[in-house]
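[1] Provided below are the primary sequence and the corresponding predicted coordinates.
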Amino acid sequence: MSETVGGLSDAVGRLPPESTQQAVGYPSLFLLVALGALVPVVPTGAVVSSAAVVAFHQTDPLALLYVFLVSAAAAFLGDVTLYWLGQRGVRSRNGSRWLAELRARAAPERLEQAQQKLTDHGVAVLVLSRLVPAGRIPVMLACLLARMPLRAFVRGDVPACLAWAATYQLIGILGGSLFDEPWKGVLLAVTLTVVISGAPAVWRRLRQGRPHRPDSAGGHA
């Protein structure tokens, strides 16, 4: 473990000049976040938080603003592309691979909750869907099944992506402000995002693992 941390420290200490970091970093950040939005396997929250830590330690006063704008734009592009692909599947009699992937990633109970929230709150639920871990896909699928037009989805997704980028950037700023060395801030930011993202799944497993308690009246019948 100490060798890994030491290697990370050495790597960060040998980072190229800021101009080179920005020329490579912003396009990489955009691609990773857009890919993570389109194919939900990349931990995009950790990517944004890590980029915010590095930006926090740069001398460019606009670095954090660039990270925020790039992250939000990439998330929006990925969401809209995925929704458009999902719409094609909904309209097709045979469905599509993208729609099937969305269905596979949305647990039935989460989808039912998302459909109810969509009925109650409309497109406003999209904002919360990006802030709640594992909430984006069920809400997006609920929107698709409700035949929400792409234009309406875009109206809700813009503030959702802005709020999401701001939230994970704040986590990165917190990590960067606590340590003088960027790699320590990155490590803290990644740890926080992993914990936040994994907590709901752990909680659901714990609840499912609890033994069922029969009703007291029924037990003495």
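    On my side now, so go ahead.

[2] so where's the protein uncertain?
    Low-confidence segments of the chain (pLDDT under 70): 1-24, 93-95, 179, 182-183, 196-221.

[3] in the protein, which spans are strands?
    In order along the chain, the chain carries no strands (DSSP state E).

[4] which residues in it form helices?
    2-13, 18-38, 44-56, 63-91, 97-105, 108-121, 125-131, 136-145, 150-178, 182-209, 216-219 (DSSP state H).

[5] ranking the ones you listed by burial, who's on top?
    Among the helices of the chain, ranked by average contacts under mean count of other CB atoms under 10 Å, first place goes to helix 44-56 (a mean of 26). The C-beta positions use only the backbone N, C-alpha and C, and glycine is treated the same way.

[6] now the angle from that one to helix 63-91?
    160 degrees (axes from the mean of the first three to the mean of the last three CA atoms, to 10 degrees).

[7] excluding covalently adjacent residues, which one is nearest to A75?
    Excluding the flanking residues, the one nearest A75 by CB to CB, 6 or more residues apart in numbering is C161, at 4.3 Å.

[8] from what I see, that neighbour and G78 are in contact.
    No. Contact between C161 and G78 fails when scored by CB atoms under 8 Å: they sit 9.0 Å apart.

[9] for the closest residue to L126 other than its chain neighbours, give me its contacts.
    Once flanking residues are discounted, L126 sits nearest to G156: 3.6 Å by CB to CB, 6+ apart. Applying CB atoms under 8 Å, 6 or more residues apart in numbering to G156 gives the contacts 122-127.

[10] can you tell me which of those residues is closest to A37?
    L126 (13.0 Å; CB to CB).

[11] how close does the closest one sit to V132?
    In this view, L126 and V132 are 11 Å apart by CB to CB, to the nearest Å.

[12] now do G175
    For G175, the distance to V132 - CB to CB - is 22 Å.

[13] verify the stated contact: S177 with A52.
    No. Contact criterion CB under 8 Å: S177 and A52 do not qualify, at 10.5 Å.

[14] show me what contacts the residue lying closest to A166 once chain neighbours are set aside?
    Nearest non-adjacent residue to A166, counting by CB to CB, 6+ apart: F68, 6.6 Å away. By CB under 8 Å, 6+ apart, the contact set of F68 is 165-166, 169.

[15] okay if I get the residues you listed as a markdown table plus distance to L150?
    Below are these laid out as a markdown table (distance: CB to CB, whole Å):
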| residue | distance to L150 |
| --- | --- |
| A165 | 21 |
| A166 | 24 |
| Q169 | 27 |
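
[16] list the contacts of stretch 131-145.
    40, 79, 82-83, 86-87, 89-90, 99, 102-103, 105-107, 110-111, 113-115, 117-118, 125-126, 128-130, 153, 160, 163-164, 167, 196-201.

[17] and the residue nearest to Q113 when sequence neighbours are not counted, how close does it get to G185?
    Closest residue to Q113 apart from its sequence neighbours, by CB to CB, 6+ apart: P138 at 7.2 Å. Distance of P138 to G185, given as CB to CB: 32 Å.

[18] next one: A106
    A106 is 34 Å from G185, by CB to CB.

[19] repeat that for V53.
    4 Å.

[20] which residues are common contacts for these two?
    Residues touching both V53 and G185 (CB under 8 Å, 6+ apart): 172, 175-176.

[21] picking that back up, got a markdown table for the contacts of G156, with distance to A146 too?
    Converted to a markdown table, these look like this (distance: CB to CB, whole Å):
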| residue | distance to A146 |
| --- | --- |
| G122 | 10 |
| V123 | 11 |
| A124 | 14 |
| V125 | 11 |
| L126 | 12 |
| V127 | 17 |
